[in-house]
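A.B. asks: Here is a sequence together with a model predicted from it:
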Protein chains: 2
Amino acid sequence: MYSQEIQSLLKSKNISVGNRIRIRKKKTSYEGILMPKTDVGDPNCLVIKLDSGYNVGIRFEKGTEVRKLPEARELEKFPTRTFKIRSDLPKVSIIATGGTIASRVDYVTGGVQMALTPQEILFAVPEVGDIINLENVRSISSLASEDMGISNWQKIAEEVAKELNKGVRGVVITHGTDTMHFSSAALSFMLKNLTKPVVLTGAQRSSDRGSSDSAMNLICSSHVAGYSNIAEVGVCMHAESSDTFNFFIRGTKVRKMHSSRRDTFRPINDLPIAKVWPSGKIEIVNEDYRKISKGRVEADTKFEKKVALLKVYPGSDPEVVNYFVDRGFRGIVIEGTGLGHVPTNTDEKENSWIPYVKSAVERGVAVVMTSQAFYGRVHPFVYRNLRILGETGVIWGEDMLPETVYVKLGWVLGHEKKMEKIRELMQKNLAGEITKQTDPRTFLM
Amino acid sequence: MYSQEIQSLLKSKNISVGNRIRIRKKKTSYEGILMPKTDVGDPNCLVIKLDSGYNVGIRFEKGTEVRKLPEARELEKFPTRTFKIRSDLPKVSIIATGGTIASRVDYVTGGVQMALTPQEILFAVPEVGDIINLENVRSISSLASEDMGISNWQKIAEEVAKELNKGVRGVVITHGTDTMHFSSAALSFMLKNLTKPVVLTGAQRSSDRGSSDSAMNLICSSHVAGYSNIAEVGVCMHAESSDTFNFFIRGTKVRKMHSSRRDTFRPINDLPIAKVWPSGKIEIVNEDYRKISKGRVEADTKFEKKVALLKVYPGSDPEVVNYFVDRGFRGIVIEGTGLGHVPTNTDEKENSWIPYVKSAVERGVAVVMTSQAFYGRVHPFVYRNLRILGETGVIWGEDMLPETVYVKLGWVLGHEKKMEKIRELMQKNLAGEITKQTDPRTFLM
């Protein structure tokens, strides 16, 4: 909220957020659109968006004049701006799918809405036009990422392949953050023979908030797509709570770990591939990545939707396994405890998962064990209960994230019918999702 | 594995692990039980357990003599030892429930078995007898923690209350690690008017492995139970990968975050209450804790078992909500994405959770939203989808862990029938499970 003093002034002049105003202070005059007060910074500072797209804060002091401009307009739509195409820069396509990075406060209802076009995004972050050649920018959906489904992954994969095969150097995908790690995993499996960078990015705070991470995330992502030699699908978001540098994390080894922090995406059981600074500096952290090369990318999007992800816990009802098997599900991923346990020798016999898992496997369902601890690896040989579980015929998910296994199993089942082949593919590293050994530095990184 | 040299020697003398042997080296003689070679350390070092309970490693060199003793016996059972009761020390009860801390390699089958009595544990960690008065040590179950159920929590709560009301200064509970955080949450709600420390501890590596954490965890837990002024239920396990110090973390704010590391238990959205060193030093990190006082503790263990914990993800099947409601479940905890989202405006209409959540609430089921990001807080007011979800009548789980909410909801539903009262209790801090503001240092701590 603006200070009482500013609020009174605005009221007296009939100025509201979204109006075009002119501020005159010590002989300098600023013109732009009045923005809402952000939750950080000086409440006695007026924030306006200049026509250049940059925000500026002007401290209200004695003698500061504020005037509503006659051409005042409601900020129902973000103003757009034509960018000069810099054909000297590497060509990168931006595909917008929705999410907070493409959202702004609706000044009428006060809620956050998603509707920005890529042009609108670029209005907010003009720096991007000086990093990459922005010939192709387009929006294929305006979905909050909690609303993303499997068909959306397939569409994104096809669009990305199309763009890459047109000859751009890389693709940046703007995406909601909630399920970005599911989408990055899906693209990792669906994009075969990937030869160029595919960078997912988003924002935890909408672009019209002072603490927005959208500008830096778009800038760092542009550097990765336009200049790095990393031919992988990955997530490029804040590495730290301050605006220092971003991580570029492999798409199959990343997870949203905080509901609101900007550095929410963390590498799990893997080092980030690189650190990326807004200046363009890219420091490789994990040498084990695929390098860029030539060749057509293929979008192989066949997918089995009948896959479930279940979590076990004390007192959990194992009959839910039957519920899914009875409905024709072909795959079940279980988030076990610790090294990959399910309730086994429970005092309440009805809570043992073993008979249900056994029956599912016997009925031809691929059951994969992962750990709800997320960090670390499942391990079939340590405890007696694990041996009992192993004897049911479950597939062990190594050090893969449950979310990645869910996506991988759907993709594998979309391609294979034979259990032995399914087992083989699930335990084989296809897109960096399985690491042989985990660097101890990665825990809670 | 021992070195080839040692293996040949043992074979030639018909000595196996578990046999009693005497090693003579440079005029000194050592007698004890031959232990299996741990995965760390010198393979050319014989490890024996002395009668004092301590392990010692003796490097095998030229001139070292090894002899099988006539009274050799299989280590089918750990030898026990009578401890001198130190009545000058604070009285602490140890309740053993099972788990790796109470496990050892079965020298016959090679698997890990759980069967140790507290006396056996103490044989392995004699130091504990010099910290606390061990009058009451007993085993109430020998469950792997993945096999713990709600009735086991109830039994533990009753046993703890009984011990505390007998006048001991605190209780240490040895427990498997997989679901220790569920049990610690359950005890936090079930033990009313807690006036003394209740410390859960366990081990990630069994006591006969060189890297076992059981000794240090028991020692640190004894210090908390015997000497701290913290009247809370908490988990006392390694804070770091090395044997430096332990954390004592509030039972409702702790989660197992790694499948195998010893520092697997981390505080989530809360600072640990204290750091605890094996020397006995206790450093309070979070001043906001309940202090010890006088008064009887009550085990209030009424619990509704018909509660489910579900996770949403792209493509997740919301009809599973009906499955549980149709089976008479009274509570459903949803692990939403980000700030507490469920799939809402999905392109595939059948994947929207809103109608199912709405119907569950209308049918009198308490539905609580949490975040699968774990760190951070759910927030009902940021996005339009969240407002839509809020209108269904869900209860927002603040910054509580989904696992804690699962336990809390079962406990609350065991006590209340009226939805308004249930809602009120779920959003009220009962046992440190809700914090008003989160210290930023706690992320990935």
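C.D. replies: Yep, it's here.
A.B. asks: which helices and strands does the longest helix along chain A pack with?
C.D. replies: Counting residues, the longest helix found in chain A (DSSP state H) is helix A:150-165. Using 3 or more Cβ pairs under 8 Å, 6 or more residues apart in numbering or on different chains; DSSP states H and E, the elements in contact with helix A:150-165 are strand A:92-96, strand A:170-174, helix A:180-190, strand A:191-192, strand A:298-299. Yep, even glycine has a C-beta here, placed from its N, CA and C like the rest.
A.B. asks: from what I can see A:Glu135 touches A:Lys91, true?
C.D. replies: Yes - here A:Glu135 lies in contact with A:Lys91, judged by Cβ atoms under 8 Å, at a distance of 5.8 Å.
A.B. asks: Of these two, give the one with the bigger neighbour count.
C.D. replies: A:Lys91 (20 against 16; other Cβ atoms under 10 Å in any protein chain shown).
A.B. asks: does that one really touch A:Ile132, like I thought?
C.D. replies: Yes - taking Cβ under 8 Å as the contact criterion, A:Lys91 and A:Ile132 are neighbours in contact, 7.3 Å apart.
A.B. asks: Where among the helices and strands packed on helix A:150-165 is average confidence lowest?
C.D. replies: For those, mean pLDDT drops lowest on strand A:92-96, to a mean of 93.
A.B. asks: Nearest residue to the middle of chain A?
C.D. replies: A:Met180 (2.9 Å; Cα atoms, centre = their mean).
A.B. asks: Give the buried residues for stretch A:329-344.
C.D. replies: Across stretch A:329-344, burial judged by 16 or more other Cβ atoms under 10 Å in any protein chain shown covers A:329-344.
A.B. asks: ok, of these, which one's closest to B:Ser279?
C.D. replies: Among the buried residues of stretch A:329-344, A:Gly338 lies closest to B:Ser279 (Cβ to Cβ), at 29.7 Å.
A.B. asks: Identify the residues contacting that closest one.
C.D. replies: Neighbour list for A:Gly338: A:Ser371, A:Ala373, B:Ser145, B:Glu146, B:Thr177, B:Asp178, B:Lys256, B:Ser259, B:Ser260 [criterion: Cβ atoms under 8 Å, 6 or more residues apart in numbering or on different chains].
A.B. asks: got TSV for the residues you listed, with neighbour count too?
C.D. replies: Shown next, in TSV, are these (neighbours: other Cβ atoms under 10 Å in any protein chain shown):
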residue	neighbour count
A:Ser371	29
A:Ala373	24
B:Ser145	26
B:Glu146	29
B:Thr177	31
B:Asp178	32
B:Lys256	29
B:Ser259	28
B:Ser260	19
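A.B. asks: How about the contacts made by the residue lying farthest from the centre of chain A?
C.D. replies: Relative to the mean C-alpha coordinate of chain A, counting by Cα atoms, centre = their mean, the farthest residue is A:Gly63 (45.8 Å). By Cβ under 8 Å, 6+ apart, the residues touching A:Gly63 are A:Lys25, A:Lys26.
A.B. asks: any idea of the pLDDT on it?
C.D. replies: 86.
A.B. asks: For it, what are phi and psi?
C.D. replies: The phi and psi values for A:Gly63, taken as degrees, to the nearest 10, are phi 90, psi -10.
A.B. asks: on that earlier part again, average model confidence for the longest helix of chain A?
C.D. replies: 98.
A.B. asks: do stretch A:259-272 as well
C.D. replies: 97.
A.B. asks: end-to-end on that stretch?
C.D. replies: Distance across stretch A:259-272, first residue to last, is 20 Å (Cα to Cα, to the nearest Å).
A.B. asks: do the same with stretch A:389-406
C.D. replies: Its start and end residues considered, stretch A:389-406 measures 19 Å (Cα to Cα).
A.B. asks: and what of stretch A:345-352?
C.D. replies: End-to-end distance for stretch A:345-352, by Cα to Cα: 6 Å.
A.B. asks: next one: it to chain centre, how far?
C.D. replies: Taking the mean of its C-alpha atoms, stretch A:345-352 sits 39 Å from the chain's own mean (Cα atoms, centre = their mean, to the nearest Å).
A.B. asks: Ok, stretch A:395-409 next?
C.D. replies: A distance of 18 Å separates the C-alpha centroid of stretch A:395-409 from that of its chain, computed with Cα atoms, centre = their mean.
A.B. asks: check whether it contacts chain B.
C.D. replies: Yes - using Cβ under 8 Å from any Cβ of the partner chain, we find that stretch A:395-409 touches chain B at A:Glu403, A:Tyr406.
A.B. asks: and that stretch, average pLDDT?
C.D. replies: Here the average pLDDT along stretch A:395-409 is 98.
A.B. asks: again with stretch A:128-138
C.D. replies: Averaging pLDDT along stretch A:128-138 gives 85.
A.B. asks: Next: stretch A:198-210.
C.D. replies: Mean predicted lDDT for stretch A:198-210 stands at 85.
A.B. asks: Just give me how far that stretch sits from the chain centre.
C.D. replies: 9 Å.
A.B. asks: ditto for stretch A:168-187
C.D. replies: Here the centre of stretch A:168-187 is set off from its chain's centre by 6 Å, with Cα atoms, centre = their mean.
A.B. asks: What residues sit buried inside that stretch?
C.D. replies: Neighbour-count burial for stretch A:168-187, counted by 16+ other Cβ under 10 Å, picks out A:168-187.
A.B. asks: from those residues, which are also near chain B?
C.D. replies: Answer for those near chain B (Cβ under 8 Å from any Cβ): A:Thr177, A:Asp178, A:Thr179, A:Phe182, A:Ser183.
A.B. asks: Just the pLDDT at the closest residue to the third one other than its chain neighbours, thanks.
C.D. replies: Closest residue in space to A:Thr179, ignoring its immediate chain neighbours: A:Ser145 at 4.4 Å, by Cβ to Cβ, 6 or more residues apart in numbering or on different chains. The predicted structure scores A:Ser145 at 93 on the pLDDT scale.
A.B. asks: Return the residues in contact with the residue nearest to the centre of chain A.
C.D. replies: Applying Cβ under 8 Å, 6+ apart to A:Met180 gives the contacts A:Gly99, A:Ser145, A:Leu200, A:Gly202, A:Val235, A:Lys256, A:Phe265.
A.B. asks: let's see it at 7 Å
C.D. replies: Contact partners of A:Met180, counting by Cβ atoms under 7 Å, 6 or more residues apart in numbering or on different chains, are A:Ser145, A:Leu200, A:Gly202, A:Val235, A:Lys256.
A.B. asks: how much space is there between the closest residue to A:Glu348 other than its chain neighbours and B:Asn246?
C.D. replies: Distances taken as Cβ to Cβ, 6+ apart put B:Gly149 closest to A:Glu348, at 5.0 Å, once the chain neighbours are dropped. According to Cβ to Cβ, to the nearest Å, B:Gly149 and B:Asn246 sit 27 Å apart.
A.B. asks: Identify all contacting residues around stretch A:315-334.
C.D. replies: With Cβ under 7 Å, 6+ apart, stretch A:315-334 has contacts from A:304, A:306-310, A:312, A:342-343, A:351-353, A:356-357, A:360, A:363, A:365-370, A:402, A:405-406, A:409-410, A:413, B:149-150, B:305, B:308, B:320, B:323.
A.B. asks: so the spatially closest residue to A:Thr64 that is not a sequence neighbour bridges to which residues?
C.D. replies: Among residues not flanking A:Thr64 along the chain, A:Lys25 sits closest, at 4.6 Å (Cβ to Cβ, 6+ apart). Beta-bridge partners for A:Lys25, by DSSP bridges, are A:Thr28.
A.B. asks: ok, now how distant is the residue in the stretch 151-300 of chain A that chain B sits nearest to from B:Leu200?
C.D. replies: Here the stretch 151-300 of chain A gets closest to chain B at one residue, A:Ser259, 3.1 Å apart by Cβ to the nearest Cβ. Computed as Cβ to Cβ, the A:Ser259 to B:Leu200 distance reads 27 Å.
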